[in-house]
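Participant: got a predicted model here, sequence first, then my questions.
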Amino acid sequence: MKSQKVWFVTGASKGLGLNLVKELLAQDYLVVATSRTKRALEQEIGENENFLPLEVDITNDADVSRAVLSAIDYFGRIDVLVNNAGYGQTGSVEELSDSEARRNFDVNVFGSLNAIRHIAPHMRRQKSGHIFNIASIGGLAGNYPGFGIYCSTKFAVSGFTEALAVEMEPFGIHTTLVYPGYFRTDFLSDGSIQTAANPIEAYVTARENEAAHLEHIHGNQKNDPQKAATLLIELSTLAHPPIHFLMGEDAFELAKNKINMLTAEIEKWKSYTVSTGFEQTAK
């Protein structure tokens with residue numbers, strides 16, 4: 001029954017995660033939601049017997065382990081994992097410090113790996129489950145000045161999810177890699193997105209692209225997070241859900257542009273590419 005499915009959603013106190021949690025509860029699913037502060041979840045959702053809010057540092061492996069055990073103790077199982085926790089980081093590759101870059105990877109990449117590491121064993125024992133890893137269209141097309149580190153975290157998510165999908169398949173577990181385009185959430189707002197602590201004046205294109213996102217794109221994104229939430233739930237009901245899923249017309253167009261560019265470049269340099277083999281000796 002639909003109502004018996006238990007969802008575990010990270011990064012659930014705002015944005016797409018919050019929309020998803022609200023829609024899941026409206027459809028009578030059982031929901032475990034994590035955030036850096038439990039109070040933020042309780043203020044947004046309130047009390048609901050189908051809702052377990054947990055305060056979790058997604059970058060702390062022991063903290064994630066405790067959260068997963070709490071979820072199992074409370075609901076008895078986890079059927080769907082949504083790795084949604086993450087944040088944007090602007091700054092050119094050179095100007096971001098080691099700590100700024102590592103922190104972005106800790107949350108966006110290692111946080112998801114922590115959740116998978118502790119939830120996958122339960123799904124394998126159940127011989128069922130569905131893992132949604134929320135990447136970004138920036139994890140497929142990364143040619144955005146000032147967003148290189150952020151995009152690289154999403155490329156990492158894309159890379160390990162492709163392997164995860166084939167690893168989980170024998171256990172009856174579905175895996176879906178989601179590439180959202182621009183959704184009208186607070187992702188680009190002050191307090192959510194992080195900017196370089198020590199910007200370098202020479203990076204004019206990075207500053208221009210950063211300003212375009214923070215001052216013009218923010219608040220005018222064309223995609224509705226409520227529709228995204230409904231769509232994720234629908235995908236979870238499919239017998240054969242996609243492994244790669246583009247979300248948003250903008251994501252669709254950007255992905256096609258990347259494929260066309262890559263195809264053209266591959267063909268352009270084909271003679272060089274295929275020249276590395278050993279010479280065949282005549283017999």
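Facilitator: Perfect, I can see it now.
Participant: residues near Leu231, how many?
Facilitator: 16 (other Cβ atoms under 10 Å). All C-beta atoms are positioned from the backbone trio N, CA, C, and that covers glycine.
Participant: and it, helix, strand or coil?
Facilitator: The three-state label given to Leu231 by DSSP: H, G, I helix; E, B strand; the rest coil is helix.
Participant: CA atoms only: put the lowest-mean-pLDDT helix or strand in the chain into PDB for me.
Facilitator: Least confident helix or strand of the chain, by mean pLDDT, DSSP states H and E, is helix 204-211 with a mean of 88. Extracted in PDB, the C-alpha atoms of helix 204-211 (Å, rounded to 0.1, in the frame of the first residue of the first chain):
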ATOM      1  CA  VAL A 204      35.400  39.400 -14.100                       C
ATOM      2  CA  THR A 205      33.300  36.700 -15.900                       C
ATOM      3  CA  ALA A 206      32.900  34.800 -12.600                       C
ATOM      4  CA  ARG A 207      31.500  38.000 -10.800                       C
ATOM      5  CA  GLU A 208      29.200  38.700 -13.700                       C
ATOM      6  CA  ASN A 209      27.800  35.200 -13.800                       C
ATOM      7  CA  GLU A 210      27.500  35.200 -10.000                       C
ATOM      8  CA  ALA A 211      25.600  38.600 -10.100                       C
END
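Participant: contacts for that helix?
Facilitator: 90-92, 95, 144-147, 195, 199 (Cβ atoms under 8 Å, 6 or more residues apart in numbering).
Participant: just put those in TSV and tack on distance to Glu210.
Facilitator: As requested, the contacts of helix 204-211 are exported to TSV (distance: Cβ to Cβ, whole Å):
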residue	distance to Glu210
Thr90	5
Gly91	8
Ser92	10
Glu95	11
Tyr144	10
Pro145	8
Gly146	5
Phe147	8
Thr195	7
Pro199	9
